[in-house]
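> next one to model:
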Amino acid sequence: MAKCPNGHEQRLGLKCRICGSDLSYRGSIEALRILPKVDPDYGKVSVLTVESPRLLVKAGYVGEVVSGQSDLKSATSFQAAAIHLRRSCRYFLWKSSQLPPRMALVGMDKSADKFLVIDTTKPLSVVAISALPKLEHTALIAVVADEESTPMEQNTSYVALSLALKKGLPVIALSESFEREMLFFTEDRGFATGGDAMSRLLAPLLEAADDLMDLLERDLKLGIKMHCLSAIMAGSKSVFGAVTNALTAQSYNVSLGTKPEEYQTVHSLVFSTRETEAEFEKSFGAFRNRKFKGALSAELRFHETTSPLYDLLTICGLKGDSPLQTIAGGYEAIIKSVPELTVDGAS
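Residues are numbered from 1 along each chain as shown. So this is what the prediction gives:
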C-alpha cells in the first residue's frame, strides 16, 4: 500500500487524500517483498494407513499408502505400482525413499500424535516401516499374521513387526482373524464390519490420543513395546449389568491369542457419562486386583460423553515379543527357500 511523505497510507492515486502530498510507489516496493507468515494448522492427530481399508475417522490428517497398477500421488494417497517381493524386499526400496519427504510435505510430522495403521501381512508394510523417518509420539496399530495365516503372510508380518520394534515403535497388534471377525454396533448405521468396524474401533482411541500415547510411551520406558487390545463398543447396563461383568466379558475377546500371565500392564480407556465414572473406577480396581495383581502398571482413564452407551477399551502390554513367536514358524519356512526375505534383508 502506497504512502505519502507524511506516512498516510493510500490505495491508489497520485495525491494523498488526507494531506495532498505526492504518493511514492517506489518507496512502497520494499514493503511488498515481505510475505505474510504462513502458519498452517496441521491438527493434533495424524493417521497414515498402509494396505488397510480406508478409514472414516476424525483427525487432522488421514492418508494412505497402497499398492496398485501404477504410481499415483495425491494429497492423501500414495500409490506404488505393485511389485512382487517374493525374491527380495529390496525391489521396493526405491519407492521407500519417496515416502519420508511425502510425509513431511503433507505435514504429518507436525502433528502432536501420529498413528500408523498397517496390515503387516502385505509386502508394502515392510517398505513403509523401513522408510519411516524418526518421528516422536508415533504408534503402530498393526494387523498381524496368526496361526491361520499362510507362511508367506507370517514371514512378511514377522519382518514388518521386527522392523517396527527395532525402530522403537509401540505396537498395538490385532491378529488377522480378530480384524476379519470384528463386529461393532454403531448408533447411526447399525452393525459395522470390515473397514467400518476398524474405523469404529479407532474413533475413541484417536479421540483419546494424548492419553493413549502417554500410556504407550510409559510402557516403552518399562521395556514394553507390544500390546494387545480388547474392546466393548456401545455397551450398556441393560446388556452387561454391572461394569465388572463388562470388564470380565471383555477379557475373553482379545486381539491376540495371548494369556493373562503374559500381561505386564493393563490400561483401560472409558467413554461414558459422568455419573458412571465412580462405578468404572471401582470396578476396574477390583478387576485388576482379581485378575492382574502382578501387573507392573494398571490405570483407568475416563472420558465424558453424552451417549447413554459406553465404549470400554483395554490395552495390555505384553512380556517380550510373544506375537512374533507365534508366527516364527512361517518366517523360518520361507527364509529356508528365499534367504533374502529375512529381517536383515529388509533393513
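> checking P204 next. Helix, strand or coil?
helix (DSSP: H, G, I helix; E, B strand; the rest coil).
> should've said V57
coil.
> which residue lies nearest the spatial centre of this protein?
Taking CA atoms, centre = their mean, the centroid of the chain lies closest to F115, which sits 2.3 Å from it.
> check contacts around T120.
For T120, the contact set (CB atoms under 8 Å, 6 or more residues apart in numbering) comprises 142-145, 156-157, 160-161. C-betas here are computed from N, CA, C, even on glycine.
> the residue nearest to the centre of the chain sits in which helix or strand?
Counting by DSSP states H and E, the element that carries F115 is strand 113-119.
> after that strand, which helix or strand is next? Please name it.
helix 123-131.
> buried residues in that following helix?
In terms of neighbour count (16 or more other CB atoms under 10 Å), helix 123-131 has its buried residues at 123-131.
> tell me the mean pLDDT for stretch 126-139?
Averaged across stretch 126-139, pLDDT comes to 86.
> please state the offset of that stretch from the chain centre?
The chain centroid and the centroid of stretch 126-139 are separated by 11 Å, computed with CA atoms, centre = their mean, to the nearest Å.
> first-to-last residue distance for that stretch?
16 Å (CA to CA, to the nearest Å).
> shouldn't I315 be in contact with Y263?
No - if you go by CB atoms under 8 Å, I315 and Y263 don't touch, sitting 10.1 Å apart.
> residues contacting T342?
Counted by CB under 8 Å, 6+ apart, T342 has contacts 159, 335.
> how many other residues sit next to L12?
For L12, the neighbour count with other CB atoms under 10 Å is 8.
> ignore what I typed, I meant S67.
17.
> surely it meets Q79?
Yes - under the criterion of CB under 8 Å, S67 makes contact with Q79 at 7.0 Å.
> where does the stretch 101-250 of the chain dip in pLDDT?
Across the stretch 101-250 of the chain, residues meeting the criterion (pLDDT under 70) sit at 101-108, 187-189.
> quick revisit: could you export the contacts of T120 to TSV, including columns for secondary structure and distance to A208?
Listed next are the contacts of T120 as TSV, based on DSSP: H, G, I helix; E, B strand; the rest coil; distance: CB to CB, whole Å:
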residue	secondary structure	distance to A208
A142	strand	19
V143	strand	21
V144	strand	23
A145	coil	28
T156	helix	31
S157	helix	27
A160	helix	26
L161	helix	24
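> using ChimeraX, define a selection of the buried residues within these.
The buried residues among the contacts of T120 can be selected in ChimeraX (16+ other CB under 10 Å) with this line:
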select :142,143,144,145,156,157,160,161
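> same list (the contacts of T120) but as CSV, adding distance to E51.
Shown next, in CSV, are those (distance: CB to CB, whole Å):
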residue, distance to E51
A142, 11
V143, 9
V144, 13
A145, 13
T156, 10
S157, 12
A160, 10
L161, 14
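> report the secondary structure state of R17.
Classified using three-state DSSP, R17 is coil.
> now L135
Assignment for L135 (three-state DSSP): coil.
> test my guess that it contacts D113.
No - L135 lies out of contact with D113 (CB under 8 Å); the separation is 10.0 Å.
> and the two? Which one has more around it.
D113 (23 against 18).
> and that one, what does it touch?
Contacts of D113 (CB under 8 Å, 6+ apart): 44-46, 137-139, 209-210, 212-213.
> what about 7 Å?
D113 makes contact with 44-45, 137, 209-210, 213 under the criterion CB atoms under 7 Å, 6 or more residues apart in numbering.
> not counting sequence-adjacent ones, nearest residue to it?
With CB to CB, 6 or more residues apart in numbering as the criterion, D113 has its nearest non-adjacent residue at 4.4 Å, and that residue is A209.
> got any residues that touch both of L135 and D113?
What both L135 and D113 touch, as defined by CB under 7 Å, 6+ apart, is an empty set.
> just to revisit the earlier point, show the buried residues in the contacts of D113.
Members of these classed as buried by 16+ other CB under 10 Å are 45, 137, 209, 213.
> show me the contact partners of whichever strand or helix holds L229.
Using DSSP H and E, L229 sits in strand 226-235. With contact meaning CB under 7 Å, 6+ apart, strand 226-235 is reached by 170-174, 184-185, 187, 200-201, 246, 249-251, 253-256, 258, 309-318, 321, 323.
> same thing but at 8 Å, please
165, 170-174, 184-187, 200-201, 216, 219, 240, 246, 249-251, 253-256, 258, 309-318, 320-323.
> alright, calling it a day.
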